[in-house]
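Q: just coords:
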């Protein structure tokens, strides 16, 4: 059977399943609508550490150790750990990999890293290299603010098109030859798009075009319709990017409105919480998927979703040098039957 | 056939070959001993751009476009582009991916990213996902200095244990079902090690232990000897890390001295060029492999090498917060027969 279908989409042959997931979320996230779905929440966003960066590392590590413990697995039962985060040199994930002592691939595609990691793990499983992988991504509001924007102490105001970086982490165990789903059945590897947008306070607009491109390519490559999915889920477009995506696809003849959700809009109560147009960050799609969507798939409220994580591949230096924001979106199909 | 052998090593089933390579190197590198091996060199380290970051992007892109042209391939002939670099948010590779418009996975494992990319491409090829991948890594002395250390204008002195970041980029095309080698036959995925070393001016010492761990694991997993390889090649340990690796392995009963080279020592004339203890950077192992070692493999002076790229997974923030430097080494076996 041919695994590659069309230009960017691939079908997995093996029964690759998500054995279990785990999410951890910070103080603002745990006041939001997904409160009851998170496996663990915390009030002190320093997690007892003396810096936010150290807190992010502890959050990521703690979440994975809890996932392994809940599944009665040791580090040596895992063939590879794959992940990334938003901090320079993905230091959160590097330090977590050091503590776990599991063979490690570090990835970086900004907020789309979670789906990139699912893809890499599924490829290793489907190709008969490994039997079990753990993946994770993480982000923290306070580390992202000071790295990408301004020191928190400045009290800088954000425009309404900006997004709040999610403080949280999501992890999952992927295995093969499973009896039970949800299964990862297809992937679409994204291309980097440039919408000639250079405002880091409006990443939703920049990322929307990448999301549209990947969704259209996926449907076209497989010759399927929007109606074949219970839901199309984007990672962190926020309200601005959500509306652009919906409107752009409608003009292309695709009406996704009734079956389209964005993790960045679900993670907060956008009207009552002070979060501008929604959540973002490498921890946004991973925290929401591993809690809310995994739950809905497990209890069969949802049976087939297209999960499209979006990433704004900017760096503060490139923004300062007047580069546009290159964006990417990676997709995987996750379904209960295989 | 079982692909996984031991804890961290895998054997590729298919005939995965390096179809071609291309290297580009900067002014200091092209005065060094590998001058005649580089495919292209340049004198102006700004490459006509108005910043070193823009120059690094152009260098990486130009090298890949030349590689495609030399092989009469278009961007649409390539299934995936995989790569990374040392700049924050791997912006050089992101911008290159934008220009190439090829489906893209961004990776980050510091200076070991080149071998991580060979591994990811080989897994996609061996698993029958793709037929052809392009990979690259790049680094630039002047962008790395100002990001990791100090502004060049300060004229800061480096201690003898420091290394000079290579200005250069290496790229290769990987394919499967080839008639001719060199072939990528095995990979060993590294674990993150911590040698409790926190001095960013002595990364060779920090990385040496990761190199030793991966070399020992590789030999043990496959139950082979040092003598089964024409050469063991590390990525960028420099003279300090080279000696630690050699001495540490000798104490473990492995005498690699007569068949051990380090790309960081080969790329410069350490005695006569002002480069401290050698070269480093994501462009070090990739530039040296794609020029010098690919040439030696092609003309059969070498027939089987273990290529071990080493990465220091630090960030300036983690160094400031007194974290040790976590390190990793990934290995691939490259040989002419399969």
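A: Good, I have the coordinates. From a predicted model like this one, the values you see are computed outputs, not experimental measurements. Numbers count the residues shown, from 1 in each chain, chains lettered A, B, ... in the order given.
Q: quick one: contacts for residue A:244?
A: A:204-205, A:208-209, A:237 (Cβ atoms under 8 Å, 6 or more residues apart in numbering or on different chains). The way it works is simple: take the backbone N, C-alpha and C, and place the C-beta from them, glycine included.
Q: same thing but at 6 Å, please
A: Counting by Cβ atoms under 6 Å, 6 or more residues apart in numbering or on different chains, residue A:244 touches A:205, A:208.
Q: close to chain B: what parts of the stretch 1-150 of chain A are there?
A: A:3, A:8, A:10, A:51, A:53, A:88-91, A:94, A:97-98, A:101, A:103-104, A:106-109, A:123-124, A:126-129 (Cβ under 6 Å from any Cβ of the partner chain).
Q: please check those and keep the buried ones.
A: Buried members of the residues of the stretch 1-150 of chain A next to chain B, scored by 16 or more other Cβ atoms under 10 Å in any protein chain shown, are A:3, A:8, A:10, A:53, A:88-91, A:94, A:97-98, A:103-104, A:106-109, A:123-124, A:126-129.
Q: quick one, phi psi at residue A:303?
A: phi -120, psi -20 (degrees, to the nearest 10).
Q: sticking with the closest residue to residue A:182 other than its chain neighbours, tell me its helix or strand.
A: Among residues not flanking residue A:182 along the chain, residue A:297 sits closest, at 4.4 Å (Cβ to Cβ, 6 or more residues apart in numbering or on different chains). Using DSSP states H and E, residue A:297 maps to helix A:294-298.
Q: which residues touch the helix or strand just after that helix?
A: Using DSSP H and E, the next helix or strand after helix A:294-298 towards the C-terminus is strand A:304-312. Defining contact as Cβ under 6 Å, 6+ apart, one finds that strand A:304-312 is touched by A:109-112, A:114-115, A:203, A:206-207, A:210-211, A:214, A:229-235, A:285, A:325, A:327-335.
Q: show me what counts as buried in strand A:304-312.
A: In strand A:304-312, counting by 16+ other Cβ under 10 Å, buried: A:304-312.
Q: rounded mean pLDDT for it, please.
A: Summarised as a single mean, pLDDT over strand A:304-312 is 98.
Q: which stretches of chain A form helices?
A: A:52-70, A:91-100, A:113-126, A:141-148, A:203-222, A:238-251, A:263-266, A:282-288, A:294-298, A:316-320 (DSSP state H).
Q: compare the mean pLDDT across these and name the weakest.
A: helix A:316-320 has the lowest average pLDDT among those, namely a mean of 87.
Q: which residues of the stretch 151-300 of chain A lie near chain B?
A: A:189, A:191-192, A:194.
Q: residues in contact with residue A:167?
A: Residue A:167 touches A:26, A:45, A:140-141, counting by Cβ under 6 Å, 6+ apart.
Q: looking at these, which is nearest residue B:38?
A: residue A:140 (42.3 Å; Cβ to Cβ).
Q: burial check on the closest one, number of neighbours?
A: 31 (other Cβ atoms under 10 Å in any protein chain shown).
Q: what sits closest to it if chain neighbours are left out?
A: residue A:56 (4.1 Å).
Q: so what's the residue count around the one you found?
A: Neighbour number of residue A:56 under other Cβ under 10 Å is 33.
Q: per-residue pLDDT, residue A:1?
A: Value for residue A:1, per-residue pLDDT: 56.
Q: residue A:188 versus the closest residue in space to residue A:220 that isn't next to it in sequence, what's the distance?
A: Once flanking residues are discounted, residue A:220 sits nearest to residue A:6: 6.5 Å by Cβ to Cβ, 6+ apart. Going from residue A:6 to residue A:188 by Cβ to Cβ, to the nearest Å gives 9 Å.
Q: which one of these two has more residues nearby?
A: A count of neighbours by other Cβ under 10 Å puts residue A:188 above the other of residue A:6 and residue A:188, at 31 against 14.
Q: I'd guessed the more buried one sits against residue A:331; true?
A: Yes. Taking Cβ atoms under 6 Å as the definition, residue A:188 is a contact partner of residue A:331 at 4.2 Å.
Q: which neighbours do those two share?
A: By Cβ under 6 Å, 6+ apart, the residues touching both residue A:188 and residue A:331 are A:214, A:218.
Q: number of residues surrounding the nearest residue in space to residue A:201 that is not next to it in sequence?
A: The shortest distance from residue A:201 to any non-neighbouring residue, by Cβ to Cβ, 6+ apart, is to residue A:162 (4.4 Å). Residues lying near residue A:162 (other Cβ under 10 Å) number 22.
Q: now swap in residue A:76 and tell me
A: Residue A:76 has 9 nearby residues by other Cβ under 10 Å.
Q: for chain A, which residue gets nearest to chain B?
A: residue A:127 (2.7 Å; Cβ to the nearest Cβ).
Q: spatially nearest residue to that residue, not counting backbone neighbours?
A: residue B:127 (2.7 Å).
Q: just residue A:205 next, same as before
A: Closest to residue A:205 by Cβ to Cβ, 6+ apart is residue A:197, at 5.4 Å.
Q: how far away is that neighbour from residue A:86?
A: 19 Å.
Q: more crowded one of these two?
A: Taking neighbours as other Cβ under 10 Å, residue A:197 and residue A:86 compare with residue A:86 leading, 26 against 19.
Q: surely residue A:95 is in contact with residue A:59?
A: No. Shown here, residue A:95 and residue A:59 do not form a contact pair, counting by Cβ under 6 Å, at 11.5 Å.
Q: okay, and the common contacts of these two?
A: What both residue A:95 and residue A:59 touch, as defined by Cβ under 6 Å, 6+ apart, is an empty set.
Q: name the nearest residue to the most centrally placed residue in chain A, ignoring sequence neighbours.
A: Most central in chain A under Cα atoms, centre = their mean is residue A:285, positioned 3.3 Å from the mean C-alpha point. Excluding the flanking residues, the one nearest residue A:285 by Cβ to Cβ, 6+ apart is residue A:235, at 3.5 Å.
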